[in-house]
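Trainee: what follows is a predicted structure for the sequence shown.
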Amino acid sequence: MPVRPRTGLTVTALAGVLALASACGTTSENSGQGKQTGPSQAACKGAGGSFTIGMSQANLSEPYRQQMNDDIARAAKGVPQFTVKFADAQQDNSKQVADVENFLTQKIDLLIISPNEAKPLTAVVKKAYDKGIPVLVLDRKVEGEAYTQWIGADNVEIGKQAGKYLAEKVLPQGGKIAEIRGLAGSTPAKERQDGFAQGIQGHNIDIVSTVDGDWLREKGQQQADAVFKAHPEIQAVYSQNDPMAEGAYLAAKAAGIDQRLKFVGIDGLPIPSGGIKAVEEGRLSATFVYPTAGREAVGSAKQLLIDCKQLPKTQLLQTSLVTKENAAEAYAKGNS
C-alpha cells in the first residue's frame with residue numbers, strides 16, 4: 001500500500017517523546033551543511049530532457065525497503081521526464097556493487113542507493129559520483145563525501161528516544177532487557193545502538209543480551225527464542241526495527257511469556273503488516289516512524305536534473321513516536 005513518508009526532525013522535551021513537526025524535509029540551514037557543488041549542474045537538462053534513474057536497493061526482504069521502492073515509483077509517476085530502474089541486492093554487497101556497475105553501463109543520469117553496508121559500497125558509489133552522475137544515498141550511509149546528498153532521519157537520535165521511552169515509560173524502576181540489532185555493517189545498526197545506550201544511561205537498565213537479527217523478522221524470532229531461554233529474567237525487548245520486534249513477540253508468545261514482556265521497535269510503516277498496526281493491536285508498546293525518503297529522493301532528483309538547483313549535502317527527515325494513544329491517528333496520517 002503506498003504511503004507518504006514524513007520529513008524534518010523535531011524532538012520534544014517531555015519524556016523523550018518525538019513529536020510531529022512540519023511535513024517538509026529540512027534544508028541546509030538545519031542540516032549544518034553548505035550547498036552541494038558536485039556534478040549536478042552538468043547533469044541538468046531542464047524540463048525538456050528525459051532521464052533514467054537507477055535505484056539500487058539493499059534488499060526487498062524488509063517491508064521498509066519495499067515501501068521505499070513503492071514510494072519512489074509512485075513519486076516518479078508525477079515526473080514524466082523520469083524513468084526509474086530498480087535493482088535488488090538481496091543483502092549481498094557484491095551483488096549491489098554489480099548492480100551499480102550495471103547501471104553505469106546503462107549510462108543512467110542519476111543513482112539512488114540505499115547501501116547494504118557502508119564500506120563495501122563506498123568505492124562504487126564514488127566511481128559513479130566521479131563520473132559526474134549525481135548520487136542520492138538513502139537511509140544507510142557510505143564512507144566519505146563522494147555523493148551528492150544523503151537523505152534520512154537521525155538514527156542516533158531515534159535510538160536515544162527509544163531508550164528514553166523504554167527507561168521512562170516501560171521500566172521506570174529499571175530492569176533487564178534484550179537488544180536486537182540490525183545488520184552489523186549497516187550504519188543505522190551502530191547509530192541506533194549508540195543512541196539507545198545514551199537514552200537508557202542512568203536509568204538502571206541492564207542490557208543482558210544483544211543479538212543480531214539482520215533487520216529480518218524470521219531471524220529476530222530465532223534470536224529472541226534463544227535469548228528468552230537463556231535469560232528468563234528479561235522484561236522488555238528493544239528491536240532496531242519493527243519486523244524483528246514482531247519476531248521477538250512471536251517467540252515470546254510461543255513461549256507463553258508475551259503478556260509479561262514489552263516490545264519497542266522502529267520504522268512505523270502505516271501498512272496492515274507494519275509497526276503502527278502492531279502498536280494499535282497491542283503487540284508492540286511503541287514504535288518510531290522512520291521515513292523511507294522515497295518521495296524526497298524523487299524531489300531531489302527533480303531539483304538536480306530538471307530545475308538545475310544545487311542541494312544541501314544532507315536532507316534530514318522527521319520522525320515521531322507512536323504509542324497506543326496515537327496509533328490510529330498516525331496510521332490515518334500515514335495514508336492521507
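Mentor: Cool, the structure landed. Residues are numbered from 1 along each chain as shown.

Trainee: show me the contacts for residue 324.
Mentor: 279, 280, 282, 285 (C-beta atoms under 8 Å, 6 or more residues apart in numbering). Placement of C-beta: from N, CA and C, glycine included.

Trainee: just list the residues touching the second one, thanks.
Mentor: It refers to residue 280. 324, 327, 328, 331.

Trainee: ok, the nearest residue to residue 261 once chain neighbours are set aside - how many residues close by?
Mentor: Residue nearest to residue 261 in three dimensions, not counting chain neighbours: residue 252, with 5.1 Å by C-beta to C-beta, 6 or more residues apart in numbering. Residues lying near residue 252 (other C-beta atoms under 10 Å) number 24.

Trainee: state the helix or strand in which residue 252 lies.
Mentor: Using DSSP states H and E, residue 252 sits in helix 242-254.

Trainee: CA atoms only for that helix - export them in CSV, please.
Mentor: Output in CSV follows, covering the C-alpha atoms of helix 242-254 (Å, rounded to 0.1, in the frame of the first residue of the first chain):
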residue,chain,number,x,y,z
ASP,A,242,9.6,-3.4,13.7
PRO,A,243,9.9,-6.8,11.9
MET,A,244,12.5,-8.0,14.4
ALA,A,245,10.3,-6.7,17.2
GLU,A,246,7.4,-8.6,15.8
GLY,A,247,9.6,-11.7,15.5
ALA,A,248,10.5,-11.3,19.2
TYR,A,249,6.8,-11.0,20.1
LEU,A,250,6.1,-14.2,18.2
ALA,A,251,8.9,-16.0,20.1
ALA,A,252,7.5,-14.8,23.4
LYS,A,253,4.0,-15.8,22.5
ALA,A,254,5.2,-19.3,21.6
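
Trainee: what packs against the helix or strand just after that helix?
Mentor: Scanning forward in sequence from helix 242-254 by DSSP H and E, the next helix or strand is strand 262-264. Applying 3 or more C-beta pairs under 8 Å, 6 or more residues apart in numbering; DSSP states H and E, one finds that strand 262-264 contacts strand 236-239, helix 242-254.

Trainee: between the contacts of residue 280, which is closest to residue 246?
Mentor: When the contacts of residue 280 are compared for distance to residue 246 (C-beta to C-beta), residue 327 wins out at 14.7 Å.

Trainee: chain neighbours aside, what residue packs nearest to the closest one?
Mentor: Nearest to residue 327 is residue 280, by C-beta to C-beta, 6+ apart, at 3.8 Å.

Trainee: cool, residue 212 as well?
Mentor: Of all residues not flanking residue 212 in the chain, residue 181 sits nearest, at 5.1 Å (C-beta to C-beta, 6+ apart).

Trainee: so that neighbour makes contact with residue 189?
Mentor: Yes. Residue 181 is in contact with residue 189 according to C-beta atoms under 8 Å; the separation is 5.0 Å.
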